[in-house]
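Enquirer: pasted the sequence and its predicted model underneath.
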There are 2 protein chains.
Amino acid sequence: MKSFNKVAIIGTGLVGGSIALALKKKGLASLVVGVSRQKKNILLARRKGAIQAGSRVLSIIKGADLLILATPVNTIIDLAPKIAKLTAGDCIVTDVGSTKGQIVSILEKLFPNYVGSHPLAGSQKRSMANAHPDIFKDSLCILTPTRNTKKRALNKIRALWKQLGAKTVLLTPATHDRILSFVSHLPHAIAFSLMNTIEVSYLKFASTGLKDTSRIAASDSRLWVDIFLSNRKNMLRSIDLFQDNLARIKSAVQKKDKRVLSSILKKAQLKRIRLT
Amino acid sequence: MKSFNKVAIIGTGLVGGSIALALKKKGLASLVVGVSRQKKNILLARRKGAIQAGSRVLSIIKGADLLILATPVNTIIDLAPKIAKLTAGDCIVTDVGSTKGQIVSILEKLFPNYVGSHPLAGSQKRSMANAHPDIFKDSLCILTPTRNTKKRALNKIRALWKQLGAKTVLLTPATHDRILSFVSHLPHAIAFSLMNTIEVSYLKFASTGLKDTSRIAASDSRLWVDIFLSNRKNMLRSIDLFQDNLARIKSAVQKKDKRVLSSILKKAQLKRIRLT
């Protein structure tokens, strides 16, 4: 038996497209339709068999029993009221936005059967062209139910992510945003800043160390502007704490304090070695 | 014809061990001997066929026509005077230290045929166990001759690195240290600081972004203490400039200045995309 009759995916990029391909591969839906602003994206999604029908117009989502919002954070918020008018009350709704506080508070008012998702399975590569049904395999997907979340919606969305291969974990939207500011948003701010610090003429001397440390700076900057601004207070706090830690290294180097510098670097090394 | 008769490698770790294995693979030396503080390291180097003889005692290097110092930065400086007493004046000498200003100024006074090298082919993994003859293939090796460097020594060392598969580039020690502070030492300081900023309980939410950005924090902290301190002024300057760039992102987030934030992130993204 199919888990869903009609699934509508708004935003057939890397994550939305990969969900569509995984739904198809696992045979979880009778019909998958997609919405994208770009016609070529819809054509590619159809050609790859990710969706059976696609449109630039939202009305294609009518009658869906599962709706997945997979656009950038701000577009989710902008489109939500229009989408709500086209969606039946019993439709299960989720999104895959990288920040949750703002989105969840808006979407749970618009959709009775909403639960927020954040699959930690992105990449600096975007678009349907890079979509793959297995990107969620062995990944972690954070779900952010609130006291308003319907148990049925949570169970359905949780089962969906498990079927796509992800482990699920439940966090409040606030906890999600605090943790992600450290493990994802801060590293992006660092990678962007690192690239802006290095003169172009020095880049031919880049070894794998610099390339790895800066890899995520190649991520779509438009996406990250919205993510930073939608998780503003946590971002500011995580940057503050990072700046303190970097200032400690700087101060030890300044003072030639080998003992302090050793203890700072050793602590970081042991922590990183445990992160496999 | 062999390029060298007897090659002595002080420090049979990742880089020294890989040079030994590459010399053997390419048949460039009649005899390769190694010095290590650790007996088990010598035994492993012999078992892997990297060296034909090894010792914890420096006198094994006597009679070498090529001497390679491949220990951590500070050990190179500490050992150099003792090694000079055991080395003939016409012996070609190089080191593979990650900073060059201090080392070159000391070593070129002790060894008439010295030229500094820095192969950009390391890894956070160390030791003979990870050594491999091909690690220099398609890598870049920076040579740092000065006005005192003998042309014959430079030519021999340059030819050696080319035979090991590396492209060579010549920089002054000062230029080397300035560039490396940005492309290598700063990313390490950032990776160490990032790890120290993140609570252990958050690490289970680490995706590939954080893992890549922090990978080099797993590097041997003892090595990096010495590297930071031996390139102190450049380190302080590169950290300063990075802090300025990060502060710009923080300020734009603080002020919700989408226009400025977009331009900062976009600039970094375009720079990173070109770094393949």
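Expert: Arrived safely. Numbers count the residues shown, from 1 in each chain, chains lettered A, B, ... in the order given.

Enquirer: can you tell me the SS state at the most centrally placed residue in chain A?
Expert: Centroid check for chain A by CA atoms, centre = their mean gives A:Ser98 as the closest residue, at 3.9 Å. Following DSSP: H, G, I helix; E, B strand; the rest coil, the label given to A:Ser98 is coil.

Enquirer: quick check on it: phi, psi?
Expert: phi -80, psi -20 (degrees, to the nearest 10).

Enquirer: residues in contact with it?
Expert: Applying CB atoms under 8 Å, 6 or more residues apart in numbering or on different chains, we find A:Ser98 in contact with A:73, A:118, A:122, A:180, A:184-185, A:223, A:227. In short, each C-beta sits where N, CA and C put it, glycine included.

Enquirer: the same query, at a cut-off of 6 Å, please.
Expert: The neighbourhood of A:Ser98, defined by CB atoms under 6 Å, 6 or more residues apart in numbering or on different chains, consists of A:Ile227.

Enquirer: now do the contacts for the one residue in the stretch 1-150 of chain A that gets nearest to chain B.
Expert: Residue nearest to chain B within the stretch 1-150 of chain A (CB to the nearest CB): A:Leu120, separated by 4.4 Å. Applying CB under 6 Å, 6+ apart to A:Leu120 gives the contacts A:139-140, B:207.

Enquirer: I figured A:Asp212 hits B:Asp212, correct?
Expert: Yes - look at A:Asp212 against B:Asp212 with CB atoms under 6 Å: they come within range, at 4.6 Å.

Enquirer: how close does the nearest residue to A:Leu223 once chain neighbours are set aside sit to A:Arg37?
Expert: With sequence-adjacent residues excluded and distances taken as CB to CB, 6 or more residues apart in numbering or on different chains, A:Leu223 is closest to A:Pro72, at 5.1 Å. Distance, A:Pro72 to A:Arg37, using CB to CB, to the nearest Å: 11 Å.

Enquirer: between those two, which is the more surrounded one?
Expert: Using other CB atoms under 10 Å in any protein chain shown as the criterion, A:Pro72 and A:Arg37 rank with A:Pro72 on top: 21 against 11.

Enquirer: what sits up against the longest helix anywhere in chain A?
Expert: Identified as the longest helix of chain A according to DSSP state H is helix A:232-254. Applying CB under 6 Å, 6+ apart, the external contacts of helix A:232-254 come out as A:177-178, A:181-182, A:185-186, A:228, A:260-261, A:264, B:189, B:193, B:196-197, B:228, B:232, B:235, B:239, B:250, B:253.

Enquirer: do stretch A:207-214 as well
Expert: A:191, A:194-195, B:120, B:183-184, B:187, B:191, B:212-213, B:215-216, B:272.

Enquirer: which of these sits closest to B:Asp134?
Expert: Lowest distance from B:Asp134 to the contacts of stretch A:207-214 (CB to CB) belongs to B:Leu120, with 14.9 Å.

Enquirer: so is the residue nearest to A:Pro119 when sequence neighbours are not counted in a helix, a strand, or just coil?
Expert: Spatial nearest neighbour of A:Pro119, chain neighbours left out: A:Cys141 (4.4 Å); criterion: CB to CB, 6+ apart. In three-state terms, and counting by three-state DSSP, A:Cys141 is strand.

Enquirer: check contacts around A:Cys141.
Expert: By CB under 6 Å, 6+ apart, the contact list for A:Cys141 reads A:117, A:119, A:161, A:166, A:168.

Enquirer: quick check: the residue nearest to A:Leu223 vs A:Gly97, distance?
Expert: 8 Å.

Enquirer: what do you get for A:Lys266?
Expert: Between A:Lys266 and A:Gly97 the distance is 38 Å, computed by CB to CB.

Enquirer: so which of these two has more stuff around it?
Expert: A side-by-side neighbour count of A:Lys266 and A:Gly97, using other CB under 10 Å, places A:Gly97 first with 27 against 16.

Enquirer: where does chain A dip in pLDDT?
Expert: Low-confidence segments of chain A (pLDDT under 70): A:1, A:122-124.

Enquirer: could you rerun that using 80?
Expert: A:1, A:122-126 (pLDDT under 80).

Enquirer: what domains does the record give for it?
Expert: A:4-171, A:175-274 (automatic domain parsing).

Enquirer: for these, which one sits closest to B:Gly27?
Expert: Ranking the domains of chain A by proximity to B:Gly27 (CB to CB) places domain A:175-274 first, at 27.9 Å.

Enquirer: contacts for the helix or strand containing A:Gly16, please.
Expert: Using DSSP states H and E, the element containing A:Gly16 is helix A:14-26. For helix A:14-26, the external contacting residues (CB under 6 Å, 6+ apart) are A:9, A:29, A:32, A:45, A:50-51, A:70, A:96, A:126, A:128, A:130-133, A:135, A:163-164.

Enquirer: inside helices: which ones of the residues you listed?
Expert: Counted as lying in helices by DSSP H, out of the contacts of helix A:14-26, are A:45, A:163.

Enquirer: narrow the contacts of helix A:14-26 to those that are buried.
Expert: Applying 16 or more other CB atoms under 10 Å in any protein chain shown to the contacts of helix A:14-26, the neighbour count classes A:9, A:29, A:32, A:45, A:50-51, A:70, A:96, A:126, A:128, A:131-133, A:135, A:164 as buried.

Enquirer: tell me the one of those residues nearest B:Ile106?
Expert: Nearest to B:Ile106 among the buried ones among the contacts of helix A:14-26 is A:Arg126, at 50.3 Å by CB to CB.

Enquirer: can you tell me which helices and strands the helix or strand containing A:Pro81 packs against?
Expert: Element membership of A:Pro81, judged by DSSP H and E, is helix A:73-85. Applying 3 or more CB pairs under 6 Å, 6 or more residues apart in numbering or on different chains; DSSP states H and E, we find helix A:73-85 packed against helix A:101-110, helix A:221-230.

Enquirer: perfect, that will be all.
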